[in-house]
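Participant: Build me a structure from this.
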Amino acid sequence: MASTLLTNIGSLVTNDPSLERGPLGIVERAAVLVEDGAVAWVGQASAAPAADKSIDCEGRAVIPGFVESHSHLVFAGDRSEEFSARMQGKAYEAGGIRSTIEQTRAASSGELAANARKLLGEYLRSGSTTVEIKSGYGQNTESELRSVQVAAGCTDEVTLLAAHVAPPEYAGRQDDYVQMVLDEMIPVCAPYASWIDVFCEKGAFSEEQSRAVLLAGQAVGLKARVHGNQLTYGAGVQLAVELGAASVDHAVYLSDADVDALANSTTVATVLPGADFSTRNSYPPARRLLDAGATLALGADCNPGTSFTTSIPFCIALAVRDLAMSPDEALWSATAGGARALQREDVGSLRVGARADLVELAAPNHLHLAYRPGVSLVHRVWKAGEQVAGPGAQPTVSDIRQKECY
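Facilitator: Model (predicted):
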């Protein structure tokens with residue numbers, strides 16, 4: 001493969017601590033050499049090596065591709081009326097998920113795949129080059145199997161969220177539903193997934209039920225992640241840390257013990273401010289977590305009910321404005337933090353050897369992501385060294401998948 005030099009970069013974010021230029025490893029007046037889909041050299045443009053092709057970034061900023069570690073893209077239907085009602089005072093409850101279950105079960109695999117790919121295209125155009133996808137809107141064995149199969153056709157980061165909520169036919173019989181998840185869903189769906197997840201929350205699943213699901217998933221080789229502490233104080237964080245989960249996601253209602261547990265573990269706290277914005281929920285205590293030493297990831301949580309956005313830049317603006325995160329902290333969490341939450345070392349940074357996932361911004365530096373909320377600042381996107389979005393690139397999402405863009 002020919003080498004490509006991106007040069008005349010105004011401000012380059014590498015997330016490489018070895019450069020000793022702060023947590024973002026910023027290099028000014030920079031260049032990046034890409035060979036065989038990976039970063040081969042990083043430094044000042046004046047010292048750049050020769051390459052087969054050179055691209056002038058004209059002083060624009062370049063950052064790593066965003067790493068979305070929490071999305072729900074396999075679904076059918078629309079919940080805009082629910083959103084409208086919530087904005088007029090109706091409280092959000094986890095039961096809203098059930099309205100999507102019926103429509104998802106009725107949709108064909110082709111319809112589910114088309115919708116997921118459309119949303120992946122949105123993610124890509126707004127700078128997300130790695131996207132995790134969960135199941136969780138099928139809630140019976142046949143539909144959950146279809147969901148993970150569809151997700152596996154779109155990404156390598158597939159999460160089985162069979163225990164999202166108990167479906168209507170199991171109303172009042174949550175233990176029976178959990179047993180079905182253990183006996184049927186996990187064995188059938190596990191070959192298509194890498195992760196097991198559970199909604200450990202009031203209105204969803206108890207600590208005991210959640211532990212059973214996670215342990216069953218781990219027993220067949222799936223790695224754990226947890227939806228927890230979104231709607232109220234609960235056991236989600238402590239359970240995630242106890243079982244060595246890669247992340248606990250939402251993490252809004254945290255006790256001091258929860259904060260301490262996260263700060264003293266490898267479990268990443270994934271904050272999803274788009275969901276809190278869309279439900280008028282409290283925002284996660286990101287400042288408390290960061291000050292305590294916890295690792296944060298920042299995601300968009302695209303789903304039809306509570307955060308129907310694919311824009312990580314929008315969530316960065318929310319994190320800076322409403323979670324008291326600095327622009328540097330928000331960007332790190334949306335790139336390197338997301339990679340930590342997926343236990344990936346090849347994405348989320350632009351250090352030598354990393355996959356060449358780069359986003360060129362129509363701005364002189366990354367601060368504009370929060371400084372100019374709501375403005376589309378993504379100029380071009382490269383995935384594994386190939387331009388996949390922006391001027392001169394118009395890939396289909398099927399092309400994207402064939403190039404292992406997700």
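Participant: For residue 331, see how far away residue 321 is.
Facilitator: 14 Å (CB to CB, to the nearest Å). Yep, even glycine has a C-beta here, placed from its N, CA and C like the rest.
Participant: These two - which one has more neighbours?
Facilitator: Neighbour count, other CB atoms under 10 Å: between residue 321 and residue 331, residue 331 has more, with 29 against 14.
Participant: Can you check the pLDDT for the more buried one?
Facilitator: pLDDT for residue 331: 98.
Participant: my read: it touches residue 13, true?
Facilitator: Yes - Residue 331 lies in contact with residue 13 (CB atoms under 8 Å); the separation is 6.7 Å.
Participant: Tell me the residues that contact both of the two, please.
Facilitator: Common neighbours of residue 331 and residue 13 (criterion: CB atoms under 8 Å, 6 or more residues apart in numbering): 24, 63, 366.
Participant: name the element the closest residue to residue 83 other than its chain neighbours belongs to?
Facilitator: Counting by CB to CB, 6 or more residues apart in numbering, residue 83 lies nearest to residue 278, which is 6.8 Å off, once chain neighbours are set aside. Take DSSP states H and E as the rule and residue 278 turns out to sit in helix 273-279.
Participant: Go ahead and measure how far that helix is from the middle of the chain.
Facilitator: 15 Å (CA atoms, centre = their mean, to the nearest Å).
Participant: Would you mind pulling the contact partners of it?
Facilitator: Contact partners of helix 273-279, identified using CB under 8 Å, 6+ apart, comprise 83, 86, 92, 230, 250, 252, 281-284, 298, 300-303, 306-309, 314-315, 318-319, 322-323.
Participant: So which of those residues sit within helices?
Facilitator: Among the contacts of helix 273-279, the residues falling in helices (DSSP state H) are 83, 86, 314-315, 318-319, 322.
Participant: For the stretch 101-250 of the chain, just list every one of the helices.
Facilitator: Remark: helices assigned in the stretch 101-250 of the chain by DSSP state H, counting those that start in this stretch are 109-125, 141-152, 174-180, 186-189, 207-219, 236-242.
Participant: Okay, buried residues for the last one please.
Facilitator: Put plainly, it is helix 236-242. Buried residues in helix 236-242, counted by 16 or more other CB atoms under 10 Å: 236-241.
Participant: quick one: average pLDDT of that helix?
Facilitator: Mean predicted confidence for helix 236-242 is 98.
Participant: do the fourth one as well
Facilitator: Mean pLDDT, computed over helix 186-189, is 98.
Participant: and that helix, what does it pack onto?
Facilitator: Under the contact criterion of 3 or more CB pairs under 8 Å, 6 or more residues apart in numbering; DSSP states H and E, helix 186-189 touches helix 141-152, strand 158-163, helix 207-219.
Participant: 6 Å - rerun?
Facilitator: Secondary-structure packing of helix 186-189 (3 or more CB pairs under 6 Å, 6 or more residues apart in numbering; DSSP states H and E): helix 141-152.
Participant: outside of the helix it packs on, which residues touch it?
Facilitator: 74, 105, 109, 112-113, 133, 135, 138, 158, 160, 162, 184-185, 188-189, 192-193 (CB atoms under 6 Å, 6 or more residues apart in numbering).
Participant: of those residues, buried ones?
Facilitator: 74, 105, 112-113, 133, 135, 138, 158, 160, 162, 184-185, 188-189, 192-193.
Participant: follow-up on the earlier one: how far does the very next helix or strand once past the helix holding residue 278 sit from its chain's centre?
Facilitator: Downstream of helix 273-279, the first helix or strand assigned by DSSP H and E is helix 286-292. Distance, stretch centre to chain centre, for helix 286-292: 20 Å (CA atoms, centre = their mean).
Participant: Buried ones in helix 286-292, by neighbour count?
Facilitator: 286, 288-290, 292.
Participant: I'd like to know which elements it is packed against.
Facilitator: Helices and strands touching helix 286-292, by 3+ CB pairs under 6 Å, 6+ apart, are helix 256-263.
Participant: Now the helix it packs on: average pLDDT?
Facilitator: Mean per-residue pLDDT for helix 256-263: 98.
Participant: Stretch 151-162 too?
Facilitator: Average pLDDT, stretch 151-162: 98.
Participant: next one: stretch 86-102
Facilitator: Taken as a whole, stretch 86-102 has an average pLDDT of 78.
Participant: Now do that stretch: everything it contacts.
Facilitator: 75, 77, 82, 137, 139, 164-165, 167-168, 203-204, 279, 304-305.
Participant: Can you show me the CA trace of that stretch as CSV?
Facilitator: Provided in CSV are the C-alpha atoms of stretch 86-102 (Å, rounded to 0.1, in the frame of the first residue of the first chain):
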residue,chain,number,x,y,z
ARG,A,86,-41.6,13.8,27.9
MET,A,87,-40.6,17.4,27.0
GLN,A,88,-44.1,18.4,28.2
GLY,A,89,-43.6,16.8,31.6
LYS,A,90,-44.1,13.0,31.4
ALA,A,91,-41.3,11.3,33.3
TYR,A,92,-39.1,8.7,31.6
GLU,A,93,-39.3,5.2,32.8
ALA,A,94,-37.5,2.1,31.5
GLY,A,95,-40.8,0.7,30.3
GLY,A,96,-40.6,2.9,27.2
ILE,A,97,-38.3,0.3,25.8
ARG,A,98,-41.2,-2.0,25.4
SER,A,99,-42.8,0.0,22.6
THR,A,100,-39.7,-0.5,20.5
ILE,A,101,-39.7,-4.3,21.2
GLU,A,102,-43.0,-4.8,19.3
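Participant: gap between the closest residue to residue 77 other than its chain neighbours and residue 143?
Facilitator: Distance criterion CB to CB, 6+ apart; nearest residue to residue 77, sequence neighbours excluded, is residue 103 at 3.1 Å. Here residue 103 is placed at a distance of 11 Å from residue 143 (CB to CB).
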